[in-house]
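[1] sequence first, then the predicted structure:
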Amino acid sequence: MSNSISYGQFALKNSEWYEQYTSQVWDASDVSNLLDIFEYKSHQKKDMTSKQLRIVFSKYSPDVFAKLNRESDSLCCLKHEEYRELWNKSHPKVDQSFWDMYCKGLIMLMKVDGTLNDK
């Protein structure tokens, strides 16, 4: 077994955001809490509501959340500003400090509402 790491793993671990985002482990209640503090609205999926998102996330298994957490770690660390710009183009704008704090949850929302499927 090799102890070498891929370039992607190296880049992830050397990101300025690595400690912040990899230490966060989001679950359905975290997403629900996030939806409580701002008004969710997608410009692409106009029929998708906060209530519908809560239902979707509440049905996810721990394995699905583990995968979402890994994927959002990578995206928040490696493409932090690119995905903030995407959020602000496809949803009501958030400021830099809100994005920095809630990037993982916002990435999860974009994965579920289909915004990231278009990328």
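    Perfect, thanks for sending it.
[2] contact partners of stretch 23-42?
    48-50, 53-54, 57-58, 60, 62, 65, 68-69, 72, 90-92, 94, 98, 102, 104-106, 108-109, 113, 115 (Cβ atoms under 8 Å, 6 or more residues apart in numbering). Any C-beta I mention is one placed from the backbone N, CA and C, and that applies to glycine too.
[3] distance between the ends of it?
    Using Cα to Cα, to the nearest Å, one end of stretch 23-42 lies 28 Å from the other.
[4] that stretch - what's its average pLDDT?
    What stretch 23-42 shows for mean pLDDT is 89.
[5] quick revisit: buried among the contacts of stretch 23-42? Need that as a selection in PyMOL.
    In PyMOL, this line selects whichever of the contacts of stretch 23-42 come out buried by 16 or more other Cβ atoms under 10 Å:
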select buried, resi 48+50+53+54+57+60+65+68+69+72+90+91+94+102+104+105+106+108+109+113+115
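[6] next, work out how far apart residue 78 and residue 72 are.
    11 Å (Cβ to Cβ, to the nearest Å).
[7] check the offset of stretch 82-97 from the chain's centre.
    In terms of Cα atoms, centre = their mean, to the nearest Å, the centre of stretch 82-97 is found 12 Å from the chain centre.
[8] can you dump the C-alpha atoms of it in PDB for me?
    Output of stretch 82-97 as PDB, limited to C-alpha atoms (Å, rounded to 0.1, in the frame of the first residue of the first chain):
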ATOM      1  CA  GLU A  82     -16.000  30.100  -7.900                       C
ATOM      2  CA  TYR A  83     -18.900  28.400  -6.100                       C
ATOM      3  CA  ARG A  84     -19.800  31.600  -4.200                       C
ATOM      4  CA  GLU A  85     -20.100  33.300  -7.600                       C
ATOM      5  CA  LEU A  86     -22.300  30.400  -8.900                       C
ATOM      6  CA  TRP A  87     -24.500  30.700  -5.800                       C
ATOM      7  CA  ASN A  88     -24.900  34.400  -6.200                       C
ATOM      8  CA  LYS A  89     -25.900  33.900  -9.900                       C
ATOM      9  CA  SER A  90     -28.400  31.200  -9.200                       C
ATOM     10  CA  HIS A  91     -29.800  32.200  -5.800                       C
ATOM     11  CA  PRO A  92     -30.400  35.300  -3.800                       C
ATOM     12  CA  LYS A  93     -26.900  36.800  -3.100                       C
ATOM     13  CA  VAL A  94     -25.100  36.100   0.100                       C
ATOM     14  CA  ASP A  95     -22.200  38.200   1.400                       C
ATOM     15  CA  GLN A  96     -18.700  36.900   1.800                       C
ATOM     16  CA  SER A  97     -18.900  36.200   5.600                       C
END
